[in-house]
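1. What follows is a predicted structure for the sequence shown.
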Amino acid sequence: MEIVILIIFLALVFDFYNGMNDAANSIATIVSTRVLTPFQAVAWAAFFNFAAAFAFGVSVATTIGKGLVDVNIVDNFVIASGVIGAIILTASATHFGLPISVSHAIIGGYGGAGLIKAGIEALILSGYLKIIIFIFLAPILGMIIAYIFSVLTLWIVRNQPPRKVDFYFRKLQLLSAAVYSLSHGSNDAQKTIGIITVVLFTNQMLGETFYVPFWVVILSHTVIAMGTLFGGWKVIKTLGMRVTKLTPFGGFSAETSAGLTIMGATIFGIPVSTTHTITGAIIGVGATKSLSAVRWGVAKNILWAWILTIPLSAVCAMITYQVLVYINSIF
């Protein structure tokens, strides 16, 4: 029982870091456009991260829980190693201001732990294939939808005075930030929900059928909201102020486009990267001005962080698994 409580605690630590790192996704645009102060923005985002517990199902959590690693080989060492590997990478990235995909950190960590225990047969490759496809597809979709959305909206307001447009989009950005934070909570909190549920299932606490208890949903959404409330300020600066300069109109377009993309993925049970999606959307908005409006050097550094997230978290989890097994053999 003690080991189960410890792993659940570690999963919630990961959940908290998820909220901290991904606070940038939820509020970077609304802070950079000065519609809200940083504290007002994280409070707004945290509320809607929690509210997502009541708005969507648990299809993403089910994918994480039993769609990536064969549950027949999963044990407490595999789960603990996966979570610790993800925490190490996420904490490091948050410290250095890199907006990595926290989703991919847990996916890589969980898979790496399963791989070191039982080899490639432990992985459900169809589940990983879907995720790998969306590593590239999610930011592209976010960018394309944001670009089209921006062009259409610009055409609609083309005859309006700039001051009037700015005034209304400052109000509308509150709505778009809420939509994005709701979508973020709906997809990202479910990664922790999936991990906690597989811990309970592996330790015969759910019976013969894999299902998600409602208390796990509430707990996970509460903790990710708390992480968002504390915020990862270095990451917020990278996304909100260094990729491109945003206006309230641009912030509204990026948040709305990314939010709709993520909600679609959540409905289909796909654990996408909210970081990838909002970054792609921000680039799409910047590209409506000109390609030179996007700071491609910053975007390139973010891209490398994305590519390396899964393998690095997998390596961290593999090392952790070996250490845990060795310690267990001693005692």
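-> Great, that's in hand.
2. Can you give me the buried ones in stretch 111-126?
-> Across stretch 111-126, burial judged by 16 or more other Cβ atoms under 10 Å covers Gly111, Gly112, Ala113, Gly114, Leu115, Ile116, Lys117, Ala118, Ala122, Leu123, Ile124. (C-beta placed from N, C-alpha, C; glycine too.)
3. Stretch 135-144 now?
-> So, applying 16+ other Cβ under 10 Å, buried residues of stretch 135-144: Ile135, Leu137, Ala138, Pro139, Leu141, Gly142, Met143.
4. Counting by contacts, list what the helix or strand hosting Leu182 packs against.
-> For Leu182, the host element (DSSP states H and E) is helix 162-202. If contacts are counted by 3 or more Cβ pairs under 8 Å, 6 or more residues apart in numbering; DSSP states H and E, helix 162-202 sits against helix 2-32, helix 38-51, helix 59-66, helix 76-95, helix 102-118, helix 214-230, helix 248-267, helix 274-287.
5. among these, which is the most enclosed?
-> Among the helices and strands packed on helix 162-202, helix 274-287 has the highest mean neighbour count (mean count of other Cβ atoms under 10 Å), at a mean of 29.
6. That helix: what's the following helix or strand?
-> helix 296-330.
7. what angle sits between that next one and helix 102-118?
-> 40 degrees (axes from the mean of the first three to the mean of the last three Cα atoms, to 10 degrees).
8. can I get the helices and strands packed on helix 162-202 in a markdown table with mean pLDDT and distance to Thr309?
-> Output for the helices and strands packed on helix 162-202, formatted as a markdown table (pLDDT from 0 to 100; distance: least, Cβ to Cβ, whole Å):
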| stretch | mean pLDDT | distance to Thr309 |
| --- | --- | --- |
| helix 2-32 | 79 | 11 |
| helix 38-51 | 83 | 21 |
| helix 59-66 | 82 | 16 |
| helix 76-95 | 87 | 7 |
| helix 102-118 | 89 | 4 |
| helix 214-230 | 89 | 18 |
| helix 248-267 | 84 | 17 |
| helix 274-287 | 77 | 9 |
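9. Can you lay out these as JSON lines showing distance to Val198?
-> JSON lines is the format used below for the helices and strands packed on helix 162-202 (distance: least, Cβ to Cβ, whole Å):
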{"stretch": "helix 2-32", "distance to Val198": "10"}
{"stretch": "helix 38-51", "distance to Val198": "22"}
{"stretch": "helix 59-66", "distance to Val198": "4"}
{"stretch": "helix 76-95", "distance to Val198": "6"}
{"stretch": "helix 102-118", "distance to Val198": "9"}
{"stretch": "helix 214-230", "distance to Val198": "11"}
{"stretch": "helix 248-267", "distance to Val198": "19"}
{"stretch": "helix 274-287", "distance to Val198": "22"}
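10. Kindly state which of those helices is positioned closest to Leu324.
-> Closest to Leu324 of these, according to Cβ to Cβ: helix 76-95, at 5.2 Å.
11. How far off centre is that closest one?
-> Computed by Cα atoms, centre = their mean, to the nearest Å, the chain-centroid distance of helix 76-95 equals 14 Å.
12. same for that helix, what does it pack against?
-> helix 2-32, helix 102-118, helix 162-202, helix 233-237, helix 296-330.
13. Output that helix as PDB, nothing but the C-alphas.
-> Backbone C-alpha positions of helix 76-95 (Å, rounded to 0.1, in the frame of the first residue of the first chain) are rendered in PDB as follows:
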ATOM      1  CA  ASN A  76       5.300  -0.600  -9.600                       C
ATOM      2  CA  PHE A  77       8.900  -0.200 -10.700                       C
ATOM      3  CA  VAL A  78       7.900   0.500 -14.300                       C
ATOM      4  CA  ILE A  79       5.400   3.100 -13.300                       C
ATOM      5  CA  ALA A  80       7.600   4.800 -10.700                       C
ATOM      6  CA  SER A  81      10.500   4.900 -13.100                       C
ATOM      7  CA  GLY A  82       8.400   6.400 -15.900                       C
ATOM      8  CA  VAL A  83       7.100   9.100 -13.600                       C
ATOM      9  CA  ILE A  84      10.500  10.000 -12.100                       C
ATOM     10  CA  GLY A  85      12.100  10.100 -15.600                       C
ATOM     11  CA  ALA A  86       9.400  12.600 -16.700                       C
ATOM     12  CA  ILE A  87       9.700  14.700 -13.500                       C
ATOM     13  CA  ILE A  88      13.500  15.000 -14.000                       C
ATOM     14  CA  LEU A  89      13.200  16.200 -17.600                       C
ATOM     15  CA  THR A  90      10.200  18.500 -17.000                       C
ATOM     16  CA  ALA A  91      11.800  20.100 -13.900                       C
ATOM     17  CA  SER A  92      15.000  20.700 -15.900                       C
ATOM     18  CA  ALA A  93      13.200  22.200 -18.900                       C
ATOM     19  CA  THR A  94      11.100  24.400 -16.700                       C
ATOM     20  CA  HIS A  95      14.300  25.700 -14.900                       C
END
